[in-house]
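[1] Here is a sequence together with a model predicted from it:
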Amino acid sequence: MNFRPQLLATIFVAFGLPVNAVDTYKAIPFSALNGWQEDDHAAALETFKVTCGGMSGEVWQSLCAVAEQNLNTRLYFETFFQPVMIKTTEPALFTGYYEAEIDGSLTRTGRFRYPIYGVPDEVRAGGIWKTRRDIEENKVLKGRGLELAWVENLADIFFLQIQGSGRVRLQDGSTIRLGFGGSNGRRYQAIGSHLVDLGVLQEHEVSANRIKQWVLNNPKKGQEIVWENPAYVFFRRVDDVPSDQGPLGAMNRSLTTLRTLAVDPKYVTLGAPIWLEKGGSRPLNRLMIAQDTGSAIIGPQRADVFFGTGDQAGIAAGLIKDSGRMILLLPIQEARARVSGP
């Protein structure tokens, strides 16, 4: 399908897309999706139905209504959607994330001395606020009653913030659940490159698991490295989600293990289905649903796979740093508007 540039620009403005995105979308057939026929489309459809009701627009609402009917799930996707590849010069990168579980307390103790903070009024007001160093070293929030829980070390807080949600295991055996509440508005800075510069890790060794272990083993130097990332996440208590369901994502619905994808909403409509082809030692060809976002998820071929809850999920997620491709499944009408050529 070919469209005149002026018409394409008008269409992209109507969809809320940057005009410079013109000529970056390419339709491909379902037969070109590696592993498409073998996937569990019913599981993907159930995940889609979790959040499709929260999507805006008549087209999406119509597709959601059809999804609720008893139908052939693979045929549903093949009938109402068109696979579309976003062409980009940026290399694809797929990583993993999870819902962390850490030991803690509702009160400060000799063991649990570091607070997980709720959202201060300054952050609720919007804009850019204090840095991570300001908050943790200079203790600008001390005495304001914003402590949701206390944990053993700042590294646990840092990696909890990277995941965006988690559970705190209390000493009486109960747990509390924390979800993303807000941020200080500062840009996320990955700290792995600093460890490479110091000669601690080689480029190919950088992973969430390796970084966390080094920070824990080197608390003083590790804290300085962590403070190189000025971004800071605040949390909120989440008491109304059953323990057997995943944490709440950006659409305020529970995430599904190995079916939820965190994406850049500038390029991907939240709630939309995406075909993921991830390489590496643990390849994954699977129909995912874009139900979450993340401060480090930037670009049309950048995404995070949700691996579930707990330590084992964290280990698995930390091993993922792979290339591949992700392909949008767009409603037929929208695909026709975006695709610029064969």
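    Thanks, I have the structure now. Keep in mind that what you see is a predicted model, and the values were worked out from it rather than measured.
[2] How are the strands of this structure distributed by residue range?
    Using DSSP state E, the strands of the chain run over residues 25-27, 81-86, 93-105, 114-117, 147-151, 165-169, 175-183, 233-237, 260-262, 273-278, 284-292, 302-309, 321-322, 324-331.
[3] can you redo those strands as JSON lines with mean pLDDT, mean neighbour count and distance to I211?
    Glycine gets a C-beta too; all of them are placed from N, C-alpha and C. JSON lines is the format used below for the strands of the chain (pLDDT from 0 to 100; neighbours: other Cβ atoms under 10 Å; distance: least, Cβ to Cβ, whole Å):
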{"stretch": "strand 25-27", "mean pLDDT": "93", "mean neighbour count": "19", "distance to I211": "35"}
{"stretch": "strand 81-86", "mean pLDDT": "96", "mean neighbour count": "20", "distance to I211": "29"}
{"stretch": "strand 93-105", "mean pLDDT": "96", "mean neighbour count": "23", "distance to I211": "12"}
{"stretch": "strand 114-117", "mean pLDDT": "97", "mean neighbour count": "20", "distance to I211": "18"}
{"stretch": "strand 147-151", "mean pLDDT": "98", "mean neighbour count": "20", "distance to I211": "18"}
{"stretch": "strand 165-169", "mean pLDDT": "96", "mean neighbour count": "23", "distance to I211": "17"}
{"stretch": "strand 175-183", "mean pLDDT": "96", "mean neighbour count": "19", "distance to I211": "20"}
{"stretch": "strand 233-237", "mean pLDDT": "97", "mean neighbour count": "20", "distance to I211": "17"}
{"stretch": "strand 260-262", "mean pLDDT": "98", "mean neighbour count": "27", "distance to I211": "19"}
{"stretch": "strand 273-278", "mean pLDDT": "98", "mean neighbour count": "23", "distance to I211": "21"}
{"stretch": "strand 284-292", "mean pLDDT": "98", "mean neighbour count": "25", "distance to I211": "21"}
{"stretch": "strand 302-309", "mean pLDDT": "97", "mean neighbour count": "24", "distance to I211": "16"}
{"stretch": "strand 321-322", "mean pLDDT": "93", "mean neighbour count": "17", "distance to I211": "11"}
{"stretch": "strand 324-331", "mean pLDDT": "97", "mean neighbour count": "21", "distance to I211": "22"}
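[4] looking at those, which is closest to E136?
    Closest approach to E136 among these is made by strand 114-117 (8.2 Å; Cβ to Cβ).
[5] Identify the neighbouring strands of that closest one in the sheet and state each direction.
    Next to strand 114-117 in the sheet, as set by DSSP bridges, lie strand 147-151 (antiparallel).
[6] With only the CA atoms kept, save the strand it pairs with in PDB.
    The C-alpha trace of strand 147-151 is given here as PDB (Å, rounded to 0.1, in the frame of the first residue of the first chain):
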ATOM      1  CA  GLU A 147       7.700   5.300  54.900                       C
ATOM      2  CA  LEU A 148       5.700   2.300  53.600                       C
ATOM      3  CA  ALA A 149       8.100  -0.300  54.700                       C
ATOM      4  CA  TRP A 150      11.800  -0.800  55.800                       C
ATOM      5  CA  VAL A 151      14.300  -3.200  54.200                       C
END
